[in-house]
Structures are given as C-alpha cells and as structure tokens.
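**Q** My questions are about this predicted structure, shown below with the sequence.
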Amino acid sequence: MRPRKTILCVEDNEQVLSVRKFLLETRGYRVVAMRTAAEALEYLQAAVQGTVDLLLTDLLLPQMDGNDLIRRAKQLHPGLPGLLVSGTVTSFDRAAAADAFLPKGASSPAEVLDRIKILVARKRGPKKQVQSVRVLEEQVALAS
C-alpha cells in the first residue's frame, strides 16, 4: 500500500476547514488542518523535508495572507507546492507565490481534487503516470 500524501490545509473559517478536511480525507489524503498562518509555519519548521506534499491555503487569513504564507513555506521547504484558494476572484494577481490558484465557490470539489492530484504528482517527480497527469492538467486548463 502506498503511503498517504500529506496536505497542510490552512483556513480560518472553521466550517470550510472541516468540509475541506473531510473531502480530502475521504480521498485518501492525510490532512493537517490549521486555522492560522503562524500555526502552519510553526508546523513546517518542525516538519522533516519531504513529509508535507502540498500546502493548501486560503488567501485571506488574519495577520498574514496566504500568498505570504506560501512564500515563507517555500523558504522552509523549497519543493513544496502551494495551492491558493480565494473567494475574491480578482485576487489572482496577489497569488504570485502559489503554484496554482482556484477561486473559492467557483471551483467544484472535483476541480479542486484534480488540481491537488496534479500538484502532488509534480512534487513527487516524473514517473510513468506523468503523461496522464499532463493530460489532466490540460483538461483542467481548458475547462477554466
């Protein structure tokens, strides 16, 4: 059995965090849920390189926005992909540090899961299934 991929999920809205955690755990991911960017950075400082496979964060967080969180997380874990989700669709330009951006509410759970699968596969490195991941990524891009 393959080890489960770990997603660090940061969201200040407890309901959204709970739903996102449930969605990801039912798809076989291990989810570390945090409510603040400071908690997430503290966790990443203690984490061994390569043990976190994706940082999934909201853009608007108290004290530090998700873009800054991703930037700082990448300083601690350079290969860590970051997925930024925001309810403010016009904030894409603020998502410069993220590897991908999805508008909250405008993306279906299937689209979110597809994007996560792509980002986790990229972190893992090239393997035989990368071609199918590229096809999936192109399909997601065309649907956008």
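**A** Good, I have the coordinates.
**Q** just the helices in the chain please.
**A** With DSSP state H as the definition, the chain shows helices at residue ranges 14-25, 37-46, 66-76, 109-124, 130-143.
**Q** Of those, give the one that comes closest to residue 8.
**A** Using C-beta to C-beta as the criterion, the shortest distance between residue 8 and the helices of the chain is 5.9 Å, found for helix 37-46. For the C-beta atoms, the positions are set from N, CA and C on the backbone; glycine is no exception.
**Q** Output the contacting helices and strands for the closest one.
**A** strand 6-10, strand 30-34, strand 54-58, helix 66-76 (3 or more C-beta pairs under 8 Å, 6 or more residues apart in numbering; DSSP states H and E).
**Q** Mean neighbour count, the ones you listed: which tops it?
**A** Of all these, strand 54-58 has the most neighbours on average by mean count of other C-beta atoms under 10 Å, namely a mean of 26.
**Q** partners of that strand in the sheet?
**A** On the basis of DSSP bridges, the sheet neighbours of strand 54-58 come out as strand 6-10 (parallel), strand 82-86 (parallel).
**Q** how about these, which one is nearest residue 22?
**A** strand 6-10 (10.9 Å).
**Q** Only C-alpha atoms, please: export the closest one in CSV.
**A** Taking only C-alpha atoms (Å, rounded to 0.1, in the frame of the first residue of the first chain), the coordinates of strand 6-10 have been written out as CSV:
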residue,chain,number,x,y,z
THR,A,6,0.1,14.8,3.4
ILE,A,7,-1.7,18.1,2.8
LEU,A,8,-1.3,21.1,5.1
CYS,A,9,-4.6,22.8,4.9
VAL,A,10,-4.9,26.4,6.3
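**Q** Excluding residues flanking it in the chain, which one is nearest residue 70?
**A** residue 82 (3.6 Å; C-beta to C-beta, 6 or more residues apart in numbering).
**Q** As JSON lines, the strands paired with strand 54-58 with mean pLDDT would be great.
**A** Compiled in JSON lines, the strands paired with strand 54-58 are given as follows (pLDDT from 0 to 100):
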{"stretch": "strand 6-10", "mean pLDDT": "95"}
{"stretch": "strand 82-86", "mean pLDDT": "88"}
